[in-house]
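Peer 1: Return a 3D structure for these sequence lines:
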Amino acid sequence: GLTEQQLDTPYRPDGWTVRQVVHHLADASMNGYIRTKLLLTEDQPMVKTFDEQSWAELPDGKSALIELSLTLHDRLHRRWVMLLKSTPAGSYARQYNHPENGLWSLDEALSFFAWHNRHHIAHITSLRQRKGW
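Peer 2: Next comes the predicted model:
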């Protein structure tokens with residue numbers, strides 16, 4: 001329900017625009033989903049980081065329609081939930097190795113991903129409140 005101008009408004013000075021935040025959430029979720037699949041199929045796999053700032057500056061992050069990432073995020077999370085519902089409880093202790101943060105269990109990673117989404121959604125909702133949108 002935001003205009004193009006509103007979508008291209010940064011949520012804070014020198015911060016990402018609303019559009020960039022939406023695309024970042026889809027990018028981060030794709031990385032999280034892949035990390036989950038690696039963790040479930042390999043023994044403590046080393047996962048790759050991604051340069052979030054550089055990704056946000058790419059043309060798709062700066063100008064693509066947000067509906068693309070909203071749909072992607074929704075469908076990806078549906079599939080992720082389907083995978084997680086079929087995952088045995090003991091597998092939530094399995095770990096991947098993050099180059100900067102060390103070993104993370106699936107349980108820890110999922111907690112982080114949930115927090116991460118809420119954190120960025122709060123950036124958008126607080127901007128909307130401040131601006132009266």
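Peer 1: contacting residues around the closest residue to residue 96 other than its chain neighbours?
Peer 2: Nearest residue to residue 96 in three dimensions, chain neighbours excluded: residue 39, at 4.4 Å (C-beta to C-beta, 6 or more residues apart in numbering). Placement of C-beta: from N, CA and C, glycine included. Each residue near residue 39 by C-beta atoms under 8 Å, 6 or more residues apart in numbering is listed here: 45, 94, 95, 96, 106, 109.
Peer 1: Same check on residue 29?
Peer 2: With contact taken as C-beta under 8 Å, 6+ apart, residue 29 is in contact with 73, 76, 77, 80, 113, 117.
Peer 1: quick revisit: which helix or which strand is home to the residue nearest to residue 96?
Peer 2: Take DSSP states H and E as the rule and residue 39 turns out to sit in helix 18-41.
Peer 1: Give the rounded mean pLDDT of that helix.
Peer 2: What helix 18-41 shows for mean pLDDT is 98.
Peer 1: For that helix, buried residues please.
Peer 2: Residues of helix 18-41 classed as buried by neighbour count (16 or more other C-beta atoms under 10 Å): 18-33, 35-36, 38-40.
Peer 1: Can you give the distance of that helix from its chain's centre?
Peer 2: 5 Å (C-alpha atoms, centre = their mean, to the nearest Å).
Peer 1: which secondary structure elements does the next helix or strand after that helix contact?
Peer 2: Remark: after helix 18-41, the chain's next helix or strand is helix 52-57, criterion DSSP H and E. Here helix 52-57 touches helix 18-41, going by 3 or more C-beta pairs under 8 Å, 6 or more residues apart in numbering; DSSP states H and E.
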